[in-house]
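A.B. asks: dropping a prediction and its sequence here:
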Amino acid sequence: MNTRFPLAACAEMLWRDRPIDWRCGALKERGFAVGLWNWPDHDLAKLAATGAQFSIMNGYLTGRLADDAGASELLRSARETAQIGKRLGVARLNLHGTGLGAGGLPVQPCDVVTGAMWLKARDTLARIADMAEEEGVIFTLENLNLPVDHPGVPFARAQDTLALVKAVDHPRLRLNLDLYHAQIGEGNLIDLCAACLPYIGEVQVADVPGRCEPGTGEINYAGVARALSDMGYSGPVGMEAFAKGDEDAALDAFRAAFC
């Protein structure tokens, strides 16, 4: 089945009783690129041997955007991860407003983001973009949601990530626009997509509530897909979602929404 967008799915969230290389191979067989989380959790040789196309992967292991020590650590970690990304042929390396720990909670929670933090985050991302130019890779900045999954993460809202990426304005720094998170935190998804359109590197999807495949919740993903196509978006769409039941049925529902 032809689709309007290159489709990917997060291997970490599907077939969770199977080895990760098996999951990558299964996604490849079904015509999907692969999304990954932290690379040290996996045998890189086995991942490469699957021949899968890797759409996105976490682009750092440690570090933060908005303070000097955290920024230096983020640059070091991101450069190291860029080498792994190139080894696997990963298209995009993903960043967040701060480092995430167990359960997706921020390593250093932040209730108030100051003006100085905004300026430092912009400076850090500009340094990331310059490093990405040197390395020949692309980084993305992902929006998250505060009410449910990631309380205390600074620069979490899509409007925040858009403001930062727009301020840096570098082709090696794009948005990872996660519509699951945006629906929980902001809503108005089609207008949000339009506002972000010039800066999107990848769109990620899951339904709300539950974070399962399209069609299991409240989001009209077929309508979102039509709107994205009408706007002229033809980039990748990744399902970062659990399967409510059978993984193949979940992938079929995802493909049907974006065909």
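C.D. replies: Thanks, I have the structure now. Here the structure is a predicted model, which is why all the values come from computation and not from measurement.
A.B. asks: need the strands for the stretch 101-250 of the chain, in chain order.
C.D. replies: Using DSSP state E, counting those that start in this stretch, the strands of the stretch 101-250 of the chain run over 139-142, 173-178, 200-205, 237-239.
A.B. asks: could you save those strands as TSV and add columns showing mean pLDDT?
C.D. replies: Converted to TSV, these look like this (pLDDT from 0 to 100):
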stretch	mean pLDDT
strand 139-142	98
strand 173-178	98
strand 200-205	98
strand 237-239	98
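A.B. asks: of all these, which one is nearest A227?
C.D. replies: strand 200-205 (11.2 Å; CB to CB). Backbone N, C-alpha and C define where each C-beta goes, glycine included.
A.B. asks: quick one, that closest one and strand 173-178 angle?
C.D. replies: Strand 200-205 and strand 173-178 are oriented at 10 degrees to each other (axes from the mean of the first three to the mean of the last three CA atoms, to 10 degrees).
A.B. asks: who's in contact with strand 200-205?
C.D. replies: Residues outside strand 200-205 that contact it (CB atoms under 8 Å, 6 or more residues apart in numbering): 5, 8, 35, 55-56, 92, 138, 140, 142, 174-180, 193, 214, 219, 221, 224, 228, 233, 235-241, 254, 257.
A.B. asks: just the buried ones from these?
C.D. replies: Buried by 16 or more other CB atoms under 10 Å: 5, 8, 35, 55-56, 92, 138, 140, 142, 174-180, 193, 214, 219, 221, 224, 228, 233, 236-241, 254, 257, out of the contacts of strand 200-205.
A.B. asks: still on that earlier bit, okay if I get the strands of the stretch 101-250 of the chain as CSV plus distance to G115?
C.D. replies: Listed next are the strands of the stretch 101-250 of the chain as CSV, based on distance: least, CB to CB, whole Å:
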stretch, distance to G115
strand 139-142, 19
strand 173-178, 21
strand 200-205, 27
strand 237-239, 33
